[in-house]
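**Student:** model the following, please.
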Amino acid sequence: MATKSKAYTAAAEKLEAGKLYSPSEAVALAKETGSKKFDSTVEVALKLSVDPRKADQMVRGTVMLPHGTGKTARVIVFANGPAAEAAIAAGADEVGGAELIEKVAGGWTDFDAAVAVPELMGQVGRLGKVLGPRGLMPNPKTGTVTPNPAKAVEEIKGGKIEFRVDKHANVHFIVGKASFTAEQLDANLQAALDEVVRLKPSSSKGRYIQKGAVSTTFGPGIPLDVNSLV
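**Tutor:** Here you go, the predicted structure:
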């Protein structure tokens with residue numbers, strides 16, 4: 001624990017007190033403050049001026065990161081027949097109908113995304129208590145309920161990420177690894193930010209993005225200049 005504390009303190013000392021960083025400055029600094037023992041994930045957190053309790057202010061979407069996430073997502077697909085065969089060919093990690101639904105119902109969640117064909121959603125719907133809290137429930141708005149699950153698998157494994165505002169009006173997502181170049185991280189971050197801004201609810205009042213930060217695993221938060229984000 002002491003070693004982590006020293007590493008965190010050393011990383012935090014690279015931040016200028018009171019300074020707000022542009023996205024490109026923040027990701028460049030994130031590379032410097034990431035752990036030297038492993039390839040840190042670069043994450044972003046934003047505080048939005050929305051009320052998630054209102055349906056018209058629920059910010060949720062997906063975006064293809066130009067340079068991927070730096071990891072291969074584990075994707076399962078609820079499908080049968082030709083759609084299941086296509087999903088397997090596309091690289092899905094596990095595919096099935098009733099038997100896979102039962103496996104997940106039993107508490108198995110060793111995957112990063114779930115896709116379902118529309119005709120199975122009546123059965124998949126009962127997995128809400130297992131998948132919902134983990135943000136894994138298939139949803140047509142994010143392209144994970146689709147008659148073409150193979151395409152969804154390819155997109156997710158190719159760097160498509162999903163984000164959703166939580167009950168505290170925060171949005172979290174990853175934009176890559178510290179081993180990426182600063183240019184790659186900047187392009188990924190800008191793509192994600194553009195989509196978050198595009199999804200601004202018309203009923204949102206005041207400054208949409210109130211504050212934000214970029215960080216790496218176990219690293220300090222690097223405050224973003226939100227004036228440059230809208």
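**Student:** residue boundaries of the strands in the chain?
**Tutor:** Applying DSSP state E to the chain gives strands spanning 41-48, 60-64, 75-78, 94-96, 113-116, 160-164, 170-177, 209-216, 222-223.
**Student:** rounded mean pLDDT for the fifth one, please.
**Tutor:** On average, the pLDDT along strand 113-116 is 96.
**Student:** also stretch 166-173?
**Tutor:** If you average the pLDDT values across stretch 166-173, you get 94.
**Student:** before we move on, what about stretch 11-20?
**Tutor:** For stretch 11-20, the mean pLDDT works out to 83.
**Student:** from the chain's centroid, how far away is that stretch?
**Tutor:** On the basis of Cα atoms, centre = their mean, to the nearest Å, stretch 11-20 sits 26 Å off its chain's mean C-alpha point.
**Student:** with stretch 81-90 instead?
**Tutor:** Between the centre of stretch 81-90 and the centre of its host chain there is 25 Å, according to Cα atoms, centre = their mean.
**Student:** tell me which residues of it come out buried.
**Tutor:** 83-84, 86-88, 90 (16 or more other Cβ atoms under 10 Å). Where you see a C-beta, it was placed from the backbone N, CA and C, and this is true even at glycine.
**Student:** now render the strands of the chain as a markdown table, adding mean neighbour count.
**Tutor:** Converted to a markdown table, those look like this (neighbours: other Cβ atoms under 10 Å):
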| stretch | mean neighbour count |
| --- | --- |
| strand 41-48 | 22 |
| strand 60-64 | 18 |
| strand 75-78 | 28 |
| strand 94-96 | 20 |
| strand 113-116 | 27 |
| strand 160-164 | 20 |
| strand 170-177 | 21 |
| strand 209-216 | 20 |
| strand 222-223 | 22 |
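**Student:** check what pLDDT the residue lying closest to Ser202 once chain neighbours are set aside gets.
**Tutor:** Nearest residue to Ser202, sequence neighbours excluded (Cβ to Cβ, 6 or more residues apart in numbering): Asp56, at 7.8 Å. Looking at Asp56, its pLDDT reads 91.
**Student:** from Leu127, how far out is Gly107?
**Tutor:** Taking Cβ to Cβ, to the nearest Å as the measure, Gly107 falls 10 Å from Leu127.
**Student:** swap in Gln184?
**Tutor:** Here the distance between Gln184 and Leu127 works out to 35 Å (Cβ to Cβ).
**Student:** over to Ile174?
**Tutor:** As for Ile174, its distance to Leu127 is 24 Å (criterion: Cβ to Cβ).
**Student:** list the buried residues in the lengthiest helix in the chain.
**Tutor:** In the chain, with assignment by DSSP state H, the single longest helix is helix 182-198. When neighbours are counted by 16+ other Cβ under 10 Å, the buried residues of helix 182-198 are found to be 184-193, 195-196.
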